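[1] sequence isn't available, so here's the structure alone:
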Ligand SMILES: [Mn+2]
């Protein structure tokens, strides 16, 4: 009996010690994540531990569903930033996220002397929760010695909480956070330039103001720059849903391209790039262009290569300008597939652009076309004919930069970096395809992929009536090719596949005819049952 009591006491005391140990472990492992150091009483720490295991809203990147009763309020709040602000505000500023990396990335070992980075985040009227979640995710998921500082560049926000309240908040963080204020609305490009000049780190990392960095995001970026300081690196950009703030892993099988209208687009990584990496998906992908929001660049190299084109306004086109410049002037641009950063993608912009979105982007695109694209700028001008009337200012400084850096021509870029480009490196013609009998022109009728191509009165304005007959003998307009799969048509527009087959046309200069090789029929006009031409 006595022995039984003795055992009980021993058991009870050891149980108490185990509990104390567990608590201490949890408390100290959590505390480097506390928002405020003053707040070190045991209770909040314990609460943090409990909330982690109990799964607060959005923890582990899960979707936040707003209850029915709050739907009206939610819709109202959505308009403020063009994302679900109510959901974002419910989620912890330091929420947990899944580790979405490829298995091979999790075991990589990086050297101890990687360069450190300043993180530059430009914001304009950003929501409190998204901005601070960006900041916390940078702090919590970056090795302290790699993070020199965070620079928040305020592009003349009007919201009160982004003034003193923000200054007071960031003062208590364990990493130096500086706030730089633009005197007036200057746009992303000039605000980033301002931020960049203030940086002290060896590398500049630009992030958007509504991002979340995941575990291990920074090391592979810095490691790649250490290997080659002329490599500009982007993480894989994961998708944070603008509706639910669910975290969804992005693909390592897409890379950046652009179409004739100079819109940035994601395209599948081609087989040649898989072959170059011998199928190892954990190795960086060489990408023709970048999305522009998130990337790291050696600070001195950023200067050498000509920073940004400060003649560009607000936003748009700067990502392609920088992509072309990097490749043509001896650098390289890569997506580091072991680095994942989430970004809230929006369907509409919440920002107002002085002069209108379209005008600003057209002006910026003209600048990049004039400086970097040589004769291939014709593709851009002919498909968007209104653009030629847009004033683009003086580009002589940028042209001088191109000369000084001995940059290669755009044809070199198409040939070597982007052979699967939508703009054909080699082509026979660019213009309208006219039926000399009816005087009508081939017209994409503003239709989309998988739809029929049409005929319409020639208007000589380019746009929908522009086609290029390429060296691959395809007839393409932008990223779509004429494709015939059956005798007697119809002719539809499908993504160009470079495999000839159904997209192969032979032009006869004598008879001015296009022969579709597989079906052995000519491009002709016929009136269809529905009255249209096809
Ligand atoms: Mn963004």
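    The structure has been received and is ready for your questions. These numbers were taken from a predicted model, which means no experiment stands behind them.

[2] could I get the average pLDDT for stretch 286-306?
    The average pLDDT within stretch 286-306 is 98.

[3] and stretch 414-434, by the same measure?
    95.

[4] what comes up buried for it?
    414, 417-418, 420-425, 427, 430, 432-434 (16 or more other CB atoms under 10 Å). In short, each C-beta sits where N, CA and C put it, glycine included.

[5] most widely separated two among those?
    Spanning the widest gap among the buried residues of stretch 414-434 are 417 and 434, at 34.4 Å by CB to CB.

[6] circling back: could I get the buried residues of stretch 414-434 as JSON lines with distance to residue 481?
    Shown next, in JSON lines, are the buried residues of stretch 414-434 (distance: CB to CB, whole Å):
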{"residue": "414", "distance to residue 481": "17"}
{"residue": "417", "distance to residue 481": "22"}
{"residue": "418", "distance to residue 481": "17"}
{"residue": "420", "distance to residue 481": "13"}
{"residue": "421", "distance to residue 481": "14"}
{"residue": "422", "distance to residue 481": "10"}
{"residue": "423", "distance to residue 481": "13"}
{"residue": "424", "distance to residue 481": "11"}
{"residue": "425", "distance to residue 481": "16"}
{"residue": "427", "distance to residue 481": "13"}
{"residue": "430", "distance to residue 481": "14"}
{"residue": "432", "distance to residue 481": "17"}
{"residue": "433", "distance to residue 481": "13"}
{"residue": "434", "distance to residue 481": "19"}
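
[7] ok, now how distant is residue 387 from residue 420?
    Counting by CB to CB, to the nearest Å, the separation of residue 387 from residue 420 is 25 Å.

[8] could you list the low-confidence segments of the protein?
    Scanning the chain for pLDDT under 70 picks out 1-3, 22-54, 525-534.

[9] which segments of it make up each domain?
    The record's domain parsing of the chain by automatic domain parsing lists 71-344, 427-522.

[10] quick one: which of those is nearest residue 394?
    Of all the domains of the chain, it is domain 71-344 that lies closest to residue 394, at 7.0 Å by CB to CB.

[11] how far away from the center of its chain is that closest one?
    Relative to the centre of its chain, domain 71-344 is centred 9 Å away, using CA atoms, centre = their mean, to the nearest Å.

[12] stretch 461-479 too?
    Here the centre of stretch 461-479 is set off from its chain's centre by 27 Å, with CA atoms, centre = their mean.

[13] quick check: buried residues in it?
    Neighbour counts over stretch 461-479 (16+ other CB under 10 Å) mark 462, 464-470, 472, 474-479 as buried.

[14] which of the residues you listed fall within helices?
    Judged by DSSP state H, the buried residues of stretch 461-479 include no members of helices.

[15] for residue 517, give me its contacts.
    500, 504-506 (CB atoms under 8 Å, 6 or more residues apart in numbering).

[16] number of residues surrounding residue 338?
    Residues lying near residue 338 (other CB atoms under 10 Å) number 25.

[17] nearest residue to it in space, please, no chain neighbours.
    residue 105 (3.6 Å; CB to CB, 6 or more residues apart in numbering).

[18] what's near enough to touch the one you found?
    Counting by CB under 8 Å, 6+ apart, residue 105 touches 216, 220, 282, 337-338.

[19] just give me the closest of the buried residues of stretch 461-479 to residue 251.
    Nearest to residue 251, judged by CB to CB, of those is residue 479 at 18.6 Å.

[20] show me the contacts for the closest one.
    259-260, 265, 422, 495-496 are the contacts of residue 479 under CB under 8 Å, 6+ apart.

[21] try residue 222
    By CB under 8 Å, 6+ apart, residue 222 lies in contact with 110, 114-117, 146, 203, 296.

[22] ranking by neighbours, what's the top pick from the contacts of residue 517?
    residue 505 (21 neighbours).

[23] so which bits of the helix or strand where residue 369 lies are buried?
    Here residue 369, judged by DSSP states H and E, is contained in helix 357-372. Neighbour counts over helix 357-372 (16+ other CB under 10 Å) mark 360-369, 371-372 as buried.

[24] first vs last residue of stretch 111-130, how far apart are they?
    End-to-end span of stretch 111-130 (CA to CA, to the nearest Å): 32 Å.

[25] the nearest residue to residue 171 once chain neighbours are set aside and residue 459: what is the separation?
    In space, and not counting its chain neighbours, residue 171 is closest to residue 177: 7.8 Å by CB to CB, 6+ apart. The gap separating residue 177 from residue 459 is 55 Å, by CB to CB.

[26] what about these two, which has more around it?
    The neighbour comparison of residue 177 against residue 459 (other CB under 10 Å) goes to residue 177, with 21 against 13.

[27] that one contacts residue 150, correct?
    Yes. Using CB atoms under 8 Å, residue 177 is in contact with residue 150, at 4.6 Å.

[28] tell me what angle the helix or strand containing residue 403 forms with helix 357-372.
    Assessed by DSSP H and E, residue 403 sits inside helix 396-404. Going by axes from the mean of the first three to the mean of the last three CA atoms, to 10 degrees, helix 396-404 is angled at 40 degrees with respect to helix 357-372.

[29] give me the number of residues near residue 67?
    A count of nearby residues for residue 67, using other CB under 10 Å, gives 7.

[30] same check on residue 60?
    Around residue 60 there are 12 residues (other CB under 10 Å).

[31] go on, residue 183?
    Residues near residue 183, counting by other CB under 10 Å, number 6.

[32] quick one, what contacts it?
    Residue 183 makes contact with residue 156, according to CB under 8 Å, 6+ apart.

[33] how near is it to residue 154?
    To residue 154, residue 183 is 10 Å away according to CB to CB.

[34] before we move on, what about residue 484?
    Applying CB to CB, the value for residue 484 to residue 154 is 56 Å.

[35] residue 410 too?
    Taking CB to CB, one finds residue 410 at 37 Å from residue 154.

[36] likewise for residue 186?
    According to CB to CB, residue 186 stands 10 Å off from residue 154.

[37] got it, and residue 282?
    Residue 282 sits 37 Å away from residue 154, going by CB to CB.

[38] cool, residue 20 as well?
    The gap separating residue 20 from residue 154 is 46 Å, by CB to CB.

[39] which of these two has more neighbours?
    Set residue 20 next to residue 154 and count neighbours by other CB under 10 Å: residue 154 wins out with 21 against 10.

[40] burial of the residue nearest to residue 248 when sequence neighbours are not counted, as a residue count?
    Nearest residue to residue 248, sequence neighbours excluded (CB to CB, 6+ apart): residue 239, at 4.5 Å. Other residues within reach of residue 239, judged by other CB under 10 Å, total 14.

[41] for the buried residues of stretch 461-479, which one is nearest residue 291?
    Nearest to residue 291 among the buried residues of stretch 461-479 is residue 479, at 17.4 Å by CB to CB.

[42] hang on, residue 442 in a strand?
    Yes. When DSSP: H, G, I helix; E, B strand; the rest coil is applied, residue 442 is found to be in a strand.

[43] my guess is it contacts residue 458. True?
    No. Under the criterion of CB under 8 Å, residue 442 is not in contact with residue 458, lying 9.4 Å apart.

[44] need the residues touching each of these two.
    Common neighbours of residue 442 and residue 458 (CB under 8 Å, 6+ apart) are 432, 434, 465.

[45] state which strand of this protein is the longest.
    Determined from DSSP state E, the single longest strand within the chain is strand 332-344.

[46] returning to that earlier point: contacts for the helix holding residue 403 next, please.
    306, 309, 311, 325, 328-329, 367, 371-372.
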